[in-house]
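>>> got a sequence here, can you build the structure:
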Amino acid sequence: MQLRYTKTAIISFWVLAVALAALLSNVASTSHWIILAALSAIPPVVLWRLWNPPVPSMSDNIRKALRD
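As a prediction, this is how the structure comes out:
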């Protein structure tokens, strides 16, 4: 599975889990939903920005150069 799809799946699961938790705890007011949405958006943004693919090793670079 590519990293982009893995990150998307984890973020989707997080959003659904937060929404389900809010529904189960009877969050009713609009202001609480806005605060919940803002706070629940922080972990996915951090995950998306900081989780980068691994840097290619020297042997990967050599193999790529020999193939080209």
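
>>> could you use CA atoms for every contact and neighbour count after this?
Fine.

>>> residues near Ala21, how many?
As a burial measure, Ala21 scores 12 neighbours (other C-alpha atoms under 10 Å).

>>> so it versus Ser40, what's the distance?
Look at Ala21 and Ser40: by C-alpha to C-alpha, to the nearest Å, they are 11 Å apart.

>>> now swap in Leu23 and tell me
Distance from Leu23 to Ser40, by C-alpha to C-alpha: 14 Å.

>>> out of these two, which sits in the busier spot?
Per other C-alpha under 10 Å, whichever of Leu23 and Ser40 has more neighbours is Ser40, with 16 against 12.

>>> regarding that one, what is its secondary structure?
Ser40 falls in the helix class when you classify it by DSSP: H, G, I helix; E, B strand; the rest coil.

>>> that one reaches Ala19, doesn't it?
No: judged on C-alpha atoms under 8 Å, Ser40 makes no contact with Ala19 at a distance of 9.1 Å.

>>> pLDDT wise, what is Met1 at?
Met1 carries a pLDDT score of 60 in this model.

>>> please apply the same query to Ser31.
Reported pLDDT for Ser31: 90.

>>> and it, how many neighbours?
By other C-alpha under 10 Å, the residues close to Ser31 number 10.

>>> elements contacting the helix or strand where it lies?
Using DSSP states H and E, Ser31 maps to helix 30-50. Applying 3 or more C-alpha pairs under 8 Å, 6 or more residues apart in numbering; DSSP states H and E, we find helix 30-50 packed against helix 3-24.
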